[in-house]
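Undergrad: what follows is a predicted structure for the sequence shown.
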Amino acid sequence: MELTAKAILEADDLGKLERIDLPEWGEGAYAYIRVLTGAERDGLELSSVGPGGTRNMQNFRARVASYVLADASGNRLFTSPNDIAKLGTKCALPLDRIFDAGFRLNGMSDSAIESIAKNSESGQSDDSGSD
């Protein structure tokens with residue numbers, strides 16, 4: 001079936017959720033990992049690039065968790081920068097599981113972030129001499 005613009009834009013492609021158990025945060029505790037939109041993924045990846053195209057790994061697992069953790073309806077659990085900072089103070093074991101599940105469900109890889117950092121660095125050097 002050949003797709004049309006309308007068919008693509010009307011496709012329900014964000015509904016996939018994956019349950020993840022988080023026993024460190026309570027007996028029987030769980031949450032859901034959600035699929036990111038293209039804009040959310042771009043935002044997450046861009047937040048991982050620091051000055052001069054360096055990788056910004058500060059609180060990275062918490063940033064990823066804030067984008068992918070959801071309730072049963074797919075709504076993000078964490079949205080504010082303050083939430084992300086607080087999430088970064090939690091146990092690393094569940095954050096690692098959330099991080100791994102979020103990357104896997106969204107087809108993400110470290111190489112995507114490295115590529116963005118390289119492009120950012122080359123873009124900055126290209127622009128630095130203009131004006």
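TA: Right, received. Where do you want to start?

Undergrad: please list all residues in contact with residue 75.
TA: Shown in contact with residue 75 (C-beta atoms under 8 Å, 6 or more residues apart in numbering): no residues. (Glycine included, C-beta is placed from N, CA and C.)

Undergrad: and what of residue 50?
TA: residue 56.

Undergrad: and it, how far from residue 58?
TA: Here the criterion is C-beta to C-beta, to the nearest Å. By it, residue 50 lies 8 Å from residue 58.

Undergrad: could you pull out the helices for this protein?
TA: 5-10, 38-46, 60-68, 81-87, 92-105, 110-127 (DSSP state H).

Undergrad: for the third one, what is the average pLDDT?
TA: The one in question is helix 60-68. Averaged across helix 60-68, the pLDDT comes to 95.

Undergrad: dump that helix to PDB, keeping only the CA atoms.
TA: C-alpha atoms of helix 60-68 as PDB (Å, rounded to 0.1, in the frame of the first residue of the first chain):
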ATOM      1  CA  PHE A  60      21.700  11.800  31.100                       C
ATOM      2  CA  ARG A  61      19.900   8.800  32.500                       C
ATOM      3  CA  ALA A  62      17.500  11.000  34.300                       C
ATOM      4  CA  ARG A  63      16.900  13.100  31.200                       C
ATOM      5  CA  VAL A  64      16.100   9.900  29.200                       C
ATOM      6  CA  ALA A  65      13.900   8.600  32.000                       C
ATOM      7  CA  SER A  66      12.000  11.900  32.100                       C
ATOM      8  CA  TYR A  67      11.200  11.600  28.300                       C
ATOM      9  CA  VAL A  68      10.200   7.900  28.300                       C
END
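
Undergrad: give the full set of residues in contact with the residue nearest in space to the middle of the chain.
TA: Central residue of the chain (C-alpha atoms, centre = their mean): residue 64, 4.1 Å from the mean position. Residues in contact with residue 64, defined by C-beta under 8 Å, 6+ apart, are 44, 98-99, 102-103.
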